[in-house]
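Peer 1: Give me coordinates for this.
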Amino acid sequence: MKLTFKDKTSIEIINNSFNEYDSNNNLIHYKDSNGYEFWNEYDSNNNLIHRKNSNGYEYWYDSKNNVIHCKYSTGYEYWYDSKGNKISKEEFEKNKSNCNGKEVIIDGKKYQLTLIK
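Peer 2: Residues are numbered from 1 along each chain as shown. Reported below is the predicted structural model:
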């Protein structure tokens, strides 16, 4: 069953799971009958840019849907270059000019990355 609201957001129940969609029909919240959940955030082009789940894992994506940063409930964090190679935070900071113009979300706030010379 799917319910669509005036603002074009909607909710859907399928096989004991709950799905919530934004006005662009992007999945923004999922919950299954076992209590597992995840939340998605999208940029203005409807690209997935951030996913957080109920296990405490978070993933950030670039505009090509590549993972650029992972954060785990254990405290571990990983950064990735444009080829998907794991790099150190220091290496990420050194090469952040490759991220110029990309939008990321940090602690729930959207930021447009801009190279400052």
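
Peer 1: Which strand residues bridge the most centrally placed residue in the chain?
Peer 2: Central residue of the chain (Cα atoms, centre = their mean): residue 50, 1.1 Å from the mean position. Residue 50 forms beta bridges with residue 41, residue 60, as assigned by DSSP bridges.

Peer 1: for residue 3, same thing?
Peer 2: Beta-bridge partners, per DSSP bridges, of residue 3: residue 11.

Peer 1: Going forward, the N-terminal residue is numbered 42.
Peer 2: OK, 42 is where the count begins now, so the last one is residue 44.

Peer 1: Ramachandran coordinates for residue 58?
Peer 2: The phi and psi values for residue 58, taken as degrees, to the nearest 10, are phi -120, psi 150.

Peer 1: Might one say that it is in contact with residue 73?
Peer 2: Yes - Residue 58 lies in contact with residue 73 (Cβ atoms under 8 Å); the separation is 4.6 Å. Where you see a C-beta, it was placed from the backbone N, CA and C, and this is true even at glycine.

Peer 1: quick one, phi/psi of residue 48?
Peer 2: Dihedral angles for residue 48 - degrees, to the nearest 10 - are phi -80, psi 10.

Peer 1: Now do the residue nearest to it when sequence neighbours are not counted against residue 49, distance only.
Peer 2: Nearest residue to residue 48, sequence neighbours excluded (Cβ to Cβ, 6 or more residues apart in numbering): residue 64, at 6.0 Å. Residue 64 sits 4 Å away from residue 49, going by Cβ to Cβ, to the nearest Å.

Peer 1: pLDDT below threshold where in this structure?
Peer 2: Applying pLDDT under 70 to the chain picks out residues 129-158.
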